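> okay, sequence plus prediction incoming.
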Amino acid sequence: MITITDVHKIFNKGKANQVNAVNGITLDIKDGEFLVVVGSNGSGKTTLLNLIAGSVLADKGGINIDGSDVTKLPDYKRSPWIARVFQNPLSGTAPDLSILDNFRLASLRTKTKGLSVGVNDTFKKQVQEKVASLGMGLQDKIEQPMGTLSGGQRQALTLLMSVMDSCKVLLLDEPTAALDPRSADVVMRTADTLIRDFNLTAVFITHNLKDAFNYGTRIIQMVEGLIINDLSGTEKTSLKQNDLFDWFA
Amino acid sequence: MDFYLTALLQGLCFSAIALGIYISMKIFNIPDITTDGSYTLGGVVTAVLLTNHQPTYIILPAVILAGATAGAVTGIIHTKLKINALLAGILVMTALYSVNLTILGRSNLPLINLPSLFTIVNVVGDTNQNTFWILAIFVILITFLIGYLLKTDFGIAMRATGNSESMIRSLGVNTDRMKITGLALANALTALSGYLVAQFQGFADISMGIGIVIVGLGSVIIAETLINWFKLTSVWLSLVLVLIGAVIFQLVLAFTLSAGVDPKLLKMVTAGFVLVIVSLPRLSLLKSS
């Protein structure tokens, strides 16, 4: 689904504060794979994710998503494939817009936003049903501004928004980092269910080794812009939580 | 009483500017002060086309196009050259001064005895009342168009652009293009105010736009105060409040003048009045805490 070939990314090249964020990564993420990315701060995880999303463009190398070369495409042109959940719950939704309007935009992720009014009763019902599936009791509040909800609720809704339109790749950048343990649990389980139900290819960055252990079908560890561990299938399932802690020892 | 009717009419003329500022400042979150230039541009284009006996169906699109172009230039400078929006606006505004002077050919062009928007149709006999009805219909029409636009899928994407850029980009919207479109729309509206005022006051003047941004800003801030007060989320009501804001603003100024304040001090009173409305919510907050 996603093929990354020898990708490099250097920030502030030639200056004193030069950062070699990604140093020639080659990675093949298969269709339906749920990839967990771990690594210490500054190891290049988020840059890797941003390279896939298109919010930063590679200096060298190529990125291919679902058979299309996207190396030079900016983020907004990669939306036909990619949905994102950000670390900051505020980034994934528009706080002043109603839940309904947020969902309307999400339902048009791969389409043009045209000059017709798309929020009608049918659409409203559809959103209500989807939101009800979260079991957070938000289905009666869909006219409320998104900003009135808690971080956990917003992250859960962002996840739900990602499958409002056809979606192949789901990028999760520490989606639970800003949440309390209980909300984090709800968000992670929602993500896991959606990834299975919609057969999404997912890339999940986390600092939470418990989540890294519990979720995903493949795990990689990054150090200084390179992948130093890569386990999938039975290797991942037979991995013990303590082994993960040892990676960071 | 006539004095206040004139103020009401002026308020209606300025409501287009208020809607424009509402779009740039509240919807896109961009402080755009191309306004001073694009407002004059609207007035100047109107005056020159009127003296050349052009019909309304040519003047109106020409004014909209001129304003939109000015806004789009600010937008392009801001997004493509990554220049601070405020500076981009100042640059375009400054350049527009020369553009306006070139179009007008001199610093003042009277439009006395020329047919205008307000003399085309005669709804009622009284000139002022006639003007009122024509302005009212015009403003309602604009408000309806903007309100509808904001309700469409494109409009929701516009509102999201100023609200959460990362989100709307990940949902496939080219935010640069969206901002350029938004600033074009805002300045087209501003130019429409110039179009109305030039015909209303019967002349276009190269300096008619000086400090006009504050009129739009003041109107929007009055509206915002009311919106927060009533905790409104409806797009339609917000737009109506912006119109009301524009009228209140002019009424307050009219009241100031009729109370005997030296007209020389009018701009200062205007600035002071805006300062008061801006700081009012904070002052009352201080008291309660």
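Yep, it's here. Numbering: from 1, shown residues only, chains lettered A, B, ... in the order given.
> near chain B, which residues of chain A are found?
A:53, A:55, A:74-77, A:79-80, A:82-84, A:86, A:90-98, A:101-102, A:104-106, A:108-111, A:113-119, A:143, A:145 (CB under 8 Å from any CB of the partner chain). Quick note: C-beta positions are derived from backbone N, CA and C, even for glycine.
> out of the residues you listed, list just those in strands.
A:82-84 (DSSP state E).
> residue 10: how many residues sit nearby?
The chain I'm using is chain A. 15 (other CB atoms under 10 Å in any protein chain shown).
> actually chain B
B:Q10: 23 neighbours (other CB under 10 Å).
> can you tell me the SS state at it?
Three-state assignment for B:Q10 (DSSP: H, G, I helix; E, B strand; the rest coil): helix.
> my read is that it contacts B:Q250, right?
Yes - counting by CB atoms under 8 Å, B:Q10 touches B:Q250, with 4.6 Å between them.
> report how many residues lie close to the closest residue to chain A within the stretch 101-250 of chain B.
Nearest residue of the stretch 101-250 of chain B to chain A: B:G172, at 3.2 Å (CB to the nearest CB). By the criterion of other CB under 10 Å, B:G172 has 22 neighbours.
> if I look at it, how far off is A:G225?
29 Å (CB to CB, to the nearest Å).
> now swap in A:S98 and tell me
Counting by CB to CB - A:S98 and A:G225 are separated by 41 Å.
> more neighbours, those two?
A:G225 (23 against 20).
> got the contact list for that one?
When contacts are counted by CB atoms under 8 Å, 6 or more residues apart in numbering or on different chains, A:G225 is found next to A:9, A:20-25, A:43-44, A:47.
> still on that earlier bit, out of the residues of chain A next to chain B, which are buried?
Buried members of the residues of chain A next to chain B, counted by 16 or more other CB atoms under 10 Å in any protein chain shown: A:53, A:55, A:75-76, A:79-80, A:82-84, A:86, A:90-98, A:101-102, A:104-106, A:108-109, A:113, A:118-119, A:145.
> the residues you listed in helices, which ones?
A:53, A:101-102, A:104-106 (DSSP state H).
> switch the residues you listed over to TSV; also include pLDDT.
Formatted as TSV, those follow (pLDDT from 0 to 100):
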residue	pLDDT
A:A53	94
A:D101	94
A:N102	95
A:R104	95
A:L105	95
A:A106	94
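> farthest-apart pair in these, please.
A:A53 and A:D101 (22.9 Å; CB to CB).
> coming back round to it: which non-adjacent residue is nearest the residue of the stretch 101-250 of chain B closest to chain A?
A:S79 (3.2 Å; CB to CB, 6 or more residues apart in numbering or on different chains).
> backbone phi and psi for the one you found, please?
phi -60, psi -20 (degrees, to the nearest 10).
> tell me who's in contact with it.
Taking CB under 8 Å, 6+ apart, one finds A:109-110, B:170-172 in contact with A:S79.
> how about the residues you listed in CSV, adding distance to B:D2 and pLDDT?
Putting the contacts of A:S79 into CSV (distance: CB to CB, whole Å; pLDDT from 0 to 100) gives the following:
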residue, distance to B:D2, pLDDT
A:R109, 56, 92
A:T110, 58, 90
B:S170, 56, 93
B:L171, 52, 94
B:G172, 54, 94
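> and the furthest pair within those?
Top of the distance list for those (CB to CB): A:T110 and B:S170, 11.9 Å.
> show me what the helix or strand hosting B:V92 is in contact with.
Secondary structure assignment for B:V92, by DSSP states H and E: helix B:85-104. Residues outside helix B:85-104 that contact it (CB under 8 Å, 6+ apart): B:30-38, B:40-41, B:44-45, B:47-48, B:70, B:73-75, B:77-78, B:81, B:83, B:107, B:204, B:206.
> beyond it, next helix or strand please.
strand B:108-110.
> can you give me the buried ones in the next helix or strand after that following strand?
Sequence-wise, the next helix or strand downstream of strand B:108-110 (DSSP H and E) is helix B:117-120. Counting neighbours by 16+ other CB under 10 Å, one finds that the buried residues in helix B:117-120 are B:117-118.
> contacts made by helix B:117-120 with the rest, please.
B:56, B:127, B:130-131, B:134-135, B:138, B:195-196, B:199-200.
> re the thing from before, looking at the contacts of A:G225, which one is closest to chain B?
Using CB to the nearest CB, these come closest to chain B at A:T47, 15.6 Å.
> helix or strand right after the helix or strand hosting A:T158?
Using DSSP H and E, A:T158 sits within helix A:151-162. Next along the chain after helix A:151-162, taking DSSP H and E as the criterion, comes strand A:169-173.
> that following strand to helix A:151-162, inter-axis angle?
Strand A:169-173 runs at 160 degrees relative to helix A:151-162, counting by axes from the mean of the first three to the mean of the last three CA atoms, to 10 degrees.
> list the contacts of strand A:169-173.
By CB under 8 Å, 6+ apart, the list of residues contacting strand A:169-173 reads A:1-2, A:46, A:49, A:52-53, A:65-66, A:81-87, A:162, A:191, A:194-195, A:200-205.
> show the buried residues in these.
A:1-2, A:46, A:49, A:52-53, A:65, A:81-87, A:162, A:191, A:194-195, A:200-205.
> for the stretch 101-250 of chain B, what lies in contact range of chain A?
With the criterion set to CB under 8 Å from any CB, the stretch 101-250 of chain B comes near chain A through B:148-149, B:151-154, B:156-157, B:159-160, B:163-164, B:166-175, B:233.
> count of residues packed around B:G162?
Neighbour tally, B:G162, other CB under 10 Å: 22.
> surely it is in contact with B:F28?
Yes - the criterion here is CB under 8 Å, and B:G162 meets it with B:F28 at 4.1 Å.
> got any residues that touch both of the two?
B:G182.
> and whatever helix or strand B:L196 lives in, how far out from the chain middle?
Element membership for B:L196, per DSSP H and E: helix B:175-201. With CA atoms, centre = their mean, to the nearest Å as the basis, helix B:175-201 stands 7 Å off its chain's centre.
> and the closest residue to A:T47 other than its chain neighbours, backbone torsions?
Spatial nearest neighbour of A:T47, chain neighbours left out: A:A21 (4.0 Å); criterion: CB to CB, 6+ apart. For A:A21, the backbone dihedrals are phi -70, psi -50 (criterion: degrees, to the nearest 10).
> kindly report the same for A:V19.
Dihedral angles (degrees, to the nearest 10) for A:V19: phi -120, psi 120.
> for it, what are its contacts?
A:V19 touches A:10-12, A:42, counting by CB under 8 Å, 6+ apart.
> and the pLDDT for it?
pLDDT, A:V19: 90.
> what's the separation between it and A:I82?
24 Å.
> do B:Y57 as well
B:Y57 sits 46 Å away from A:I82, going by CB to CB.
> run through the bridge partners of the closest residue to A:S162 other than its chain neighbours.
Distances taken as CB to CB, 6+ apart place A:A83 nearest to A:S162, at 3.3 Å, with adjacent residues excluded. Beta bridges link A:A83 to A:L170, judged by DSSP bridges.
> lowest-pLDDT helix or strand in chain B?
helix B:266-288 (a mean of 79; mean pLDDT, DSSP states H and E).
> which parts of that helix are buried?
Under 16+ other CB under 10 Å, the buried positions of helix B:266-288 are B:269-270, B:273-274, B:277-278.
> in chain A, which residue sits nearest chain B?
Counting by CB to the nearest CB, chain A gets nearest chain B through A:S79, at 3.2 Å.
> per-residue pLDDT of that residue, please?
Taking A:S79 on its own, its pLDDT is 93.
> contacting residues for the nearest residue to B:L111 once chain neighbours are set aside?
Excluding the flanking residues, the one nearest B:L111 by CB to CB, 6+ apart is B:G202, at 5.1 Å. By CB under 8 Å, 6+ apart, the residues touching B:G202 are B:110-112, B:116.
> and the pLDDT for B:G202?
On the pLDDT scale, B:G202 gets 94.
> can stretch B:75-83 be found next to chain A?
No - Stretch B:75-83 lies apart from chain A when judged by CB under 8 Å from any CB; the minimum separation is 12.7 Å.
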